[in-house]
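Q: just a sequence and a predicted model for now, questions to come.
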Amino acid sequence: ARVVAPPRPVAAGWQLQLESGGPLLAEQVVLAAGAGCRSLTPSLPERLRASWAGVLAMPARPTLPPSSGSPWWRHAMQRRIVQPRHWQRPVLEGAAPGLREERWIVDAGCAPWGDGLLLGQISLVRPGLDSGEAPDAATMEGRLRQGLAGLDPLLAALPGPYRQVPVAFCTDGLPLVGPLPGAAGLWVFSGFGGAFAQVPVLAPLLADVIAGVADGAVLARLGVLAG
């Protein structure tokens, strides 16, 4: 069920207002809503921000003539992940506090996605803490395809479709994981710059801390606390 209002402290813990209409009471609440976390708790640290991320999301693998000599195409067809040697996104995210106008970059690559293929991604960061309205999809798709063409024109010409969503990030590259100061029972789990590597490690650790079977000091040593 979708939460439609910030968590409200009550005697038993926290009350969540659900879209279905009824309230839900919980002793412990973890804010893991990505770019939506700040709307649930505006007091989150300013290093937590949001950007727009877009990819070409193909539901099925495309086909090309066997004569194609593209090495990147062969990687894509063999279900391999192709990533940039040097990611541009972390640098852009680190520069977010000083931005005076929106900026975008393309990290060209591809990855298997079910029976299909993901191509991209393009990242757009705006000044301030709010990701704002969705950027024009046609403009963003054109920029993404232009960036992909530098990797492989064949991949850049594939039909898509283009998909974009707001995503959370932290300007220092360290996610927010742990209790919120002054709000007993309210936790945050957001702002991942490398979710595939970070989430599988930090999710069970946070669960153990909440359950009381792990020392919360380990989160402090990792530098991920929200305080």
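A: Perfect, thanks for sending it. Residues are numbered from 1 along each chain as shown.

Q: stretch 129-148 spans what distance, first to last residue?
A: Across its full length, stretch 129-148 reaches 29 Å between end residues, using CA to CA, to the nearest Å.

Q: so what touches it?
A: Around stretch 129-148, the neighbours that count as contacts under CB atoms under 8 Å, 6 or more residues apart in numbering are 35, 38, 46, 48-52, 54-56, 102, 104-108, 119-122, 124, 126, 155-157, 160, 162, 164, 166. Where you see a C-beta, it was placed from the backbone N, CA and C, and this is true even at glycine.

Q: out of the residues you listed, which sit inside helices?
A: Using DSSP state H, 38, 155-156 are the members of those that sit in helices.

Q: if you rank the residues you listed by neighbours, which is first?
A: The member of the ones in helices among the contacts of stretch 129-148 that has the most neighbours, counting by other CB atoms under 10 Å, is L155 with 24 neighbours.

Q: name the single longest helix found in this structure.
A: helix 195-211.

Q: centre of the chain versus the very next helix or strand once past that one, how much separation?
A: Following helix 195-211 in sequence order, the next helix or strand is helix 217-222 (DSSP states H and E). In this view, helix 217-222 has its centroid 22 Å away from the chain centroid, taken as CA atoms, centre = their mean, to the nearest Å.

Q: who are the packing partners of the helix or strand of the chain with the lowest mean pLDDT?
A: Using mean pLDDT, DSSP states H and E, the weakest-scoring helix or strand in the chain turns out to be helix 71-77, at a mean of 77. When contacts are defined as 3 or more CB pairs under 8 Å, 6 or more residues apart in numbering; DSSP states H and E, helix 71-77 packs onto strand 110-113, helix 153-156.

Q: kindly recompute the last result at 7 Å.
A: Under the contact criterion of 3 or more CB pairs under 7 Å, 6 or more residues apart in numbering; DSSP states H and E, helix 71-77 touches helix 153-156.

Q: where are the low-confidence patches of this protein?
A: Low-confidence segments of the chain, defined by pLDDT under 70: 64-69, 227.

Q: can you pull out the strands in the chain?
A: Using DSSP state E, the strands of the chain run over 8-10, 13-17, 23-26, 29-31, 48-58, 103-106, 110-113, 116-125, 162-170, 176-179, 186-190.

Q: and the third one, what does it pack against?
A: Secondary-structure packing of strand 23-26 (3+ CB pairs under 7 Å, 6+ apart): strand 13-17.

Q: recalculate using a threshold of 10 Å.
A: Applying 3 or more CB pairs under 10 Å, 6 or more residues apart in numbering; DSSP states H and E, we find strand 23-26 packed against strand 8-10, strand 13-17.

Q: distance from the chain centre to the first one, please.
A: In this case it means strand 8-10. Distance, centroid of strand 8-10 to centroid of chain: 28 Å (CA atoms, centre = their mean).

Q: which residues touch it?
A: Strand 8-10 is contacted by residues 14-17, 23, 25-26, 29, 183-186 when judged by CB atoms under 10 Å, 6 or more residues apart in numbering.

Q: redo the residues you listed as JSON lines? Include distance to L144 and neighbour count.
A: Below are the contacts of strand 8-10 laid out as JSON lines (distance: CB to CB, whole Å; neighbours: other CB atoms under 10 Å):
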{"residue": "W14", "distance to L144": "40", "neighbour count": "19"}
{"residue": "Q15", "distance to L144": "42", "neighbour count": "16"}
{"residue": "L16", "distance to L144": "36", "neighbour count": "19"}
{"residue": "Q17", "distance to L144": "37", "neighbour count": "16"}
{"residue": "P23", "distance to L144": "42", "neighbour count": "11"}
{"residue": "L25", "distance to L144": "44", "neighbour count": "11"}
{"residue": "A26", "distance to L144": "40", "neighbour count": "15"}
{"residue": "V29", "distance to L144": "36", "neighbour count": "22"}
{"residue": "A183", "distance to L144": "39", "neighbour count": "16"}
{"residue": "A184", "distance to L144": "44", "neighbour count": "12"}
{"residue": "G185", "distance to L144": "41", "neighbour count": "17"}
{"residue": "L186", "distance to L144": "37", "neighbour count": "21"}
